[in-house]
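K.L.:
Only the shape, not the letters, is given here:
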């Protein structure tokens, strides 16, 4: 090995092409007469199509409807004097994200700065109140502190950081809902008052967290050697996948009460969560099954040969690899779930889109359809794109697709 | 270890028998892979099994730790009979280490985690003890500096040596090797064979499915020639190489030794 290195052949740098904007424009848009013609036609078409939209956006659109109803769009009828709880949740989120960033993420400085900049920019919006500004800025401080903490602890905090997410989700539900035993601190806010983006998030989060273990169990069940378990899993997955989510939501809204003692009326949000979870679990199971099938049989054999039992083999060897493979797919599924929560409108819950429609139902805002739907679309797009971006980064970091 | 090396010098002791197979049969659907294999192996013996592809040699070695279930006959490992009883199977698997043709390392774990996983979770050792043992084993197979790497970062020969260390970490009484060098590039075969030779000389009971005839000549106590699910011929390496009795053995040896 060493003797060859001494006489290794000389290497040349790869050929490079200098990049200039003008050069690119010429090469791609005006390289010959028909390309030039096509460029102009395309420009004309784009102008004709975009002009009405842009004129409306910059000259006619009136965003007052969003400003006036902003709180409604964000949290629905959530009582104003309990708003600090929502801020508490957001601060906790900043802490958990900051901690996880410190523990796991290396590099990605610009992404981190971009994320920190979001609250700062929001704080500078002219319509933001002093409380909002203060809260947004302290969120950044909390995130930075948590980041420093995570960075110092690093490896010893890995487990803690992972569990902090689970704890966070439980805490959020407790804080938002409140509880009867601690009513003087956290009076119960009935779920009928939750709404807007808050409700969208709560439905998405609980849907993801609850359907995850259920989906994994179904995926394992479908591959089980015991016929009873296998057929129950297959039946469940195929039935749920064959039914639209709207139908399942209607069923959940009307049928969940049958399974509870008479007189108990579970709230509508809980029923929606049950419906979304059952629906999402079936799809998640199929995605996880895809990951399981990608694991070579030799991995099972090696684990068994070492004396690991079936449970240890699954949890230590097979699932960690299978889930890693399907993380990008699962994130895609969660994006879809996030958007699908708008369907709870059909059972009378007012999440972001539902609130938007209820605002439009007021006579004075009846002509503001375009503004408010565009606002809702942009909000959805921001969060979906963010999740999609994370999934792409994860795909790169985990090296799936290569190997 | 000491006991087994003594037994090697006194091969008459019946109580030293650690593997007993009596008339083992195995079918895959209608295809009969094993047609009545009987074999006894004493502690410290190194048994080499060879034969053409499809002869059942891999299937046989995999029945010894129940990666394949035999459908007829009897297999007793260190006094434990392999039956459907899961406790027996797990007991036998703890006492037998296995090395695979394709290494089968766990790609999501580092080298040291690959080695310590089973001692920690099956033998219930403390993590520190398991890591101590793992480091000694990595030293023994000659790659102590690779402990924190992932399997994909190692060469094939290094991966197979990690696989051997991983199997040894459970302190097995028997080591099974299923064509351990067949998937390796030629220049890496020697580093793996060296480890196996050292292991054989230390008194480990080994069953090795291989076509490395140099290894067999060097350390095998006995050799078995398999064909079509049967033991065609067995004997010491000297018997097999210098005076094979069966035509099929002669033909096969001439095919693998002439090129």
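P.N.:
Looks like it arrived, so ask away. Just so we're clear, the structure is a prediction, and the values are computed from it rather than from any experiment.
K.L.:
CA atoms for contacts and neighbours, from now on please.
P.N.:
Will do.
K.L.:
Which strands or helices does the host helix or strand of residue A:312 pack on?
P.N.:
Using DSSP states H and E, residue A:312 falls within helix A:310-312. For helix A:310-312, not one helix or strand is in contact under the criterion 3 or more C-alpha pairs under 8 Å, 6 or more residues apart in numbering or on different chains; DSSP states H and E.
K.L.:
redo that, cut-off 10 Å
P.N.:
Here helix A:310-312 touches helix A:297-305, going by 3 or more C-alpha pairs under 10 Å, 6 or more residues apart in numbering or on different chains; DSSP states H and E.
K.L.:
Run through the neighbouring helices and strands of whichever helix or strand comes after the helix holding residue A:312.
P.N.:
Next along the chain after helix A:310-312, taking DSSP H and E as the criterion, comes helix A:319-340. Counting contacts by 3+ C-alpha pairs under 10 Å, 6+ apart, helix A:319-340 packs against helix A:196-222, helix A:268-293, helix A:369-398.
K.L.:
Give the buried residues for the helix or strand following helix A:319-340.
P.N.:
Counting by DSSP H and E, the next helix or strand C-terminal to helix A:319-340 is helix A:352-360. Residues A:352, A:353, A:354, A:355, A:356, A:357, A:359, A:360 are the ones in helix A:352-360 that count as buried (16 or more other C-alpha atoms under 10 Å in any protein chain shown).
K.L.:
Please list which of these also come close to chain B.
P.N.:
Filtering these for proximity to chain B by C-alpha under 10 Å from any C-alpha of the partner chain leaves nothing.
K.L.:
and the helix holding residue A:312, which residues are buried?
P.N.:
Here helix A:310-312 shows residue A:312 as buried, counting by 16+ other C-alpha under 10 Å.
K.L.:
so how many other residues sit close to residue 229?
P.N.:
Picked chain A for this. 16 (other C-alpha atoms under 10 Å in any protein chain shown).
K.L.:
that answer is for a different chain, and I need it for chain B
P.N.:
22.
K.L.:
which residues does the residue most central in space within chain B contact?
P.N.:
Closest to where the C-alpha atoms of chain B average out (C-alpha atoms, centre = their mean) is residue B:176, at 1.7 Å. By C-alpha atoms under 10 Å, 6 or more residues apart in numbering or on different chains, the contact list for residue B:176 reads A:305, B:47, B:61-62, B:64-65, B:96-100, B:164, B:167, B:205-209.
K.L.:
can you rerun that using 6 Å?
P.N.:
For residue B:176, the contact set (C-alpha atoms under 6 Å, 6 or more residues apart in numbering or on different chains) comprises B:98, B:206, B:207.
K.L.:
re earlier: okay, the helices and strands packed on helix A:319-340 in a markdown table with distance to chain B next?
P.N.:
A markdown table is the format used below for these (distance: least, C-alpha to the nearest C-alpha, whole Å):
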| stretch | distance to chain B |
| --- | --- |
| helix A:196-222 | 19 |
| helix A:268-293 | 14 |
| helix A:369-398 | 10 |
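K.L.:
Which one, of those, ends up nearest to residue A:245?
P.N.:
helix A:268-293 (6.7 Å; C-alpha to C-alpha).
K.L.:
buried sites along the closest one?
P.N.:
A:268-292.
K.L.:
same check, this time on stretch A:151-171
P.N.:
So for stretch A:151-171, counting by 16+ other C-alpha under 10 Å, buried means A:151, A:154, A:157, A:158, A:161, A:164, A:168, A:169, A:171.
K.L.:
could you give the angle of the helix or strand hosting the last one to helix A:196-222?
P.N.:
The reference is to residue A:171. Taking DSSP H and E as the definition, residue A:171 sits inside helix A:158-177. Relative orientation of helix A:158-177 versus helix A:196-222 (axes from the mean of the first three to the mean of the last three C-alpha atoms, to 10 degrees): 130 degrees.
K.L.:
For helix A:158-177, the averaged confidence score.
P.N.:
Regarding helix A:158-177, the rounded mean pLDDT is 90.
K.L.:
How about the residues of chain A by chain B?
P.N.:
For chain A, the residues in contact with chain B (C-alpha under 6 Å from any C-alpha of the partner chain) are A:298, A:299, A:305, A:307.
K.L.:
From the buried residues of stretch A:151-171, pick the one nearest residue A:259.
P.N.:
After measuring the buried residues of stretch A:151-171 against residue A:259 - C-alpha to C-alpha - the closest member comes out as residue A:169, at 25.9 Å.
K.L.:
The closest one and residue B:49, how far apart?
P.N.:
58 Å (C-alpha to C-alpha, to the nearest Å).
K.L.:
wait, is residue B:26 part of a strand?
P.N.:
Yes. Under DSSP: H, G, I helix; E, B strand; the rest coil, residue B:26 sits within a strand.
K.L.:
Tell me how far it lies from residue B:70.
P.N.:
5 Å.
K.L.:
what does chain B put close to chain A?
P.N.:
Close to chain A, as judged by C-alpha under 6 Å from any C-alpha, chain B has residues B:90, B:93, B:94, B:104.
K.L.:
Flag the shaky bits of the stretch 51-200 of chain B, pLDDT-wise.
P.N.:
Of all residues in the stretch 51-200 of chain B, none has pLDDT under 70.
K.L.:
so where do the helices sit in it?
P.N.:
In the stretch 51-200 of chain B, the helices defined using DSSP state H, counting those that start in this stretch lie at B:57-63, B:86-95, B:111-121, B:127-140, B:156-168, B:186-201.
K.L.:
Buried ones in the last one, by neighbour count?
P.N.:
Judged by neighbour count (16+ other C-alpha under 10 Å), helix B:186-201 contains these buried residues: B:188, B:189, B:191, B:192, B:193, B:195, B:196, B:197, B:199, B:200.
K.L.:
Same check on the third one?
P.N.:
Residues of helix B:111-121 classed as buried by neighbour count (16+ other C-alpha under 10 Å): B:111, B:112, B:113, B:114, B:115, B:116, B:117, B:118, B:119, B:120, B:121.
K.L.:
excluding its backbone neighbours, what's nearest the first one?
P.N.:
The shortest distance from residue B:111 to any non-neighbouring residue, by C-alpha to C-alpha, 6 or more residues apart in numbering or on different chains, is to residue B:147 (5.1 Å).
K.L.:
That neighbour against residue B:112, yeah?
P.N.:
Yes. Counting by C-alpha atoms under 6 Å, residue B:112 is a contact partner of residue B:147 at 5.1 Å.
K.L.:
so what's in contact with these two at the same time?
P.N.:
Common neighbours of residue B:147 and residue B:112 (C-alpha under 6 Å, 6+ apart) do not exist.
K.L.:
can you tell me the residue of the stretch 101-250 of chain A closest to chain B?
P.N.:
Nearest to chain B in the stretch 101-250 of chain A, going by C-alpha to the nearest C-alpha, is residue A:155, at a distance of 14.4 Å.
K.L.:
Phi first, then psi, for that residue.
P.N.:
phi -60, psi -40 (degrees, to the nearest 10).
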